[in-house]
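K.L.:
Following is a predicted model, sequence given first.
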Amino acid sequence: MPKYFDVHSHLNASQYDSDRGEVISRLKETGTHTIVIGTDLESSKMAVNLADKHEEIYACIGVHPVDNPSESFEKEKFDELVKHPKVVAVGECGLDFFHADKDTDYERQKKLFLDQIDFAIMHNKPLMIHARDAYEELLGILGPLKKAHRDKLRGNVHFFAGDVDTAKRFFNIGFTVSFTGVVTFTHDYDEVIKFAPLNMIMSETDSPYVTPVPYRGKRNEPSYVSEVVKKVAEIRGEDEDVVRATLVNNALSMIG
């Protein structure tokens, strides 16, 4: 049983090329498990490769909405990857109108997202959702689909930055949300963290980005997820061990 669970990291990123082994050693020493996220076919393959080699690592495969606008989701290429027993989710996929113009890019992003939703439902995997300036549009797509697919359509909204009302709407369709190290240096998410049912939230690092206090200024890594857990417990005024164990259980329950 892991002690901590980081549901979203990019250990496949080039920022770890010089010392990935050491970062993974620290992950193992701290009892941390993580899901390494694909953002395109190549990074998805690398995520699967890392998961294959390390008991503490799982993989999520998919195509990010805006990282490479020319990349489509080629189902037959991902069909091979999804067979690996450590592939636990599809994504990160979703919508992003912070980095792209909604008027010109909405249809392309929507098709890319729907292709991955279909794939996730077909293989009974949860979605790992990326959303920037797009919660309304996402809920507009997911809400009606949830009625049609019920238990098969599920997932997590990573790096959640919405308000209580938005969180509630995701919880109502059975989607969890996860928080990053940002919660350690801003109070913007305190209200949502206090409001959310404990069984509907998860911890993540989004490493190598958004490093939590006290490691600000350094590259982030999965073993730092303990700081996110500690802060969530503090904001909620709850026992840290109870919060830690519940967030681990939430992650294990998502990945089945």
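P.N.:
Okay, I see it. Numbers count the residues shown, from 1 in each chain.

K.L.:
Quick one: residues in contact with the helix or strand encompassing residue 106.
P.N.:
Per DSSP states H and E: residue 106 is located in helix 102-122. With contacts defined as C-beta atoms under 8 Å, 6 or more residues apart in numbering, helix 102-122 is touched by 62-63, 65-66, 69, 72-73, 75, 78, 82, 89-91, 93-97, 100, 126-127, 137, 141, 145, 149, 152-153, 155. For glycine as for every other residue, the C-beta is placed from the backbone atoms N, C-alpha and C.

K.L.:
again with stretch 236-251
P.N.:
Contacts of stretch 236-251 (C-beta under 8 Å, 6+ apart): 1-5, 7, 33, 35, 176, 193-194, 198-203, 229-230, 232-234.

K.L.:
mind listing what's buried in that stretch?
P.N.:
Neighbour counts over stretch 236-251 (16 or more other C-beta atoms under 10 Å) mark 236, 243, 244, 246, 247, 248, 250, 251 as buried.

K.L.:
Give me the buried subset of the contacts of helix 102-122.
P.N.:
By 16+ other C-beta under 10 Å, the contacts of helix 102-122 give 62-63, 65-66, 73, 78, 82, 89-91, 93-97, 100, 126-127, 137, 141, 145, 152-153, 155 as buried.

K.L.:
Go through those and flag which are in helices.
P.N.:
In this view, the buried ones among the contacts of helix 102-122 that belong to helices under DSSP state H are 78, 82, 137, 141, 145.

K.L.:
how about residue 101, what does it touch?
P.N.:
Applying C-beta under 8 Å, 6+ apart, no residues contact residue 101.

K.L.:
Let me know the distance separating it from residue 61.
P.N.:
27 Å (C-beta to C-beta, to the nearest Å).

K.L.:
wait, isn't residue 15 in contact with residue 209?
P.N.:
No. Using C-beta atoms under 8 Å, residue 15 is not in contact with residue 209, being 9.2 Å away.

K.L.:
Sort out for me which of the contacts of stretch 236-251 are in helices.
P.N.:
193, 194, 229, 230, 232, 233, 234.

K.L.:
if we can go back for a sec, please work out the average pLDDT along the helix holding residue 106.
P.N.:
Averaging pLDDT along helix 102-122 gives 97.

K.L.:
Now do the buried residues in it.
P.N.:
Quick answer for helix 102-122 (16+ other C-beta under 10 Å): 105, 109, 112, 113, 115, 116, 117, 119, 120, 121.

K.L.:
so which pair among those is furthest apart in space?
P.N.:
With C-beta to C-beta as the measure, no two of the buried residues of helix 102-122 lie farther apart than 105 and 121, at 24.2 Å.

K.L.:
quick one on the thing from earlier: go through the contacts of helix 102-122 and flag which are in strands.
P.N.:
The members of the contacts of helix 102-122 that map onto strands under DSSP state E are 89, 90, 91, 93, 94, 95, 96, 127, 155.

K.L.:
Show me which pair in these is furthest apart.
P.N.:
Using C-beta to C-beta, the two most remote members of those are 89 and 96, lying 18.2 Å apart.

K.L.:
what's near enough to touch residue 173?
P.N.:
Contacts of residue 173 (C-beta under 8 Å, 6+ apart): 139, 142, 143, 146, 153.

K.L.:
7 Å - rerun?
P.N.:
For residue 173, the contact set (C-beta atoms under 7 Å, 6 or more residues apart in numbering) comprises 142, 143, 146.

K.L.:
swap in residue 41?
P.N.:
residue 77.

K.L.:
Repeat that for residue 170.
P.N.:
157, 177.

K.L.:
what's the spacing between it and residue 163?
P.N.:
11 Å.

K.L.:
again, but for residue 226
P.N.:
27 Å.
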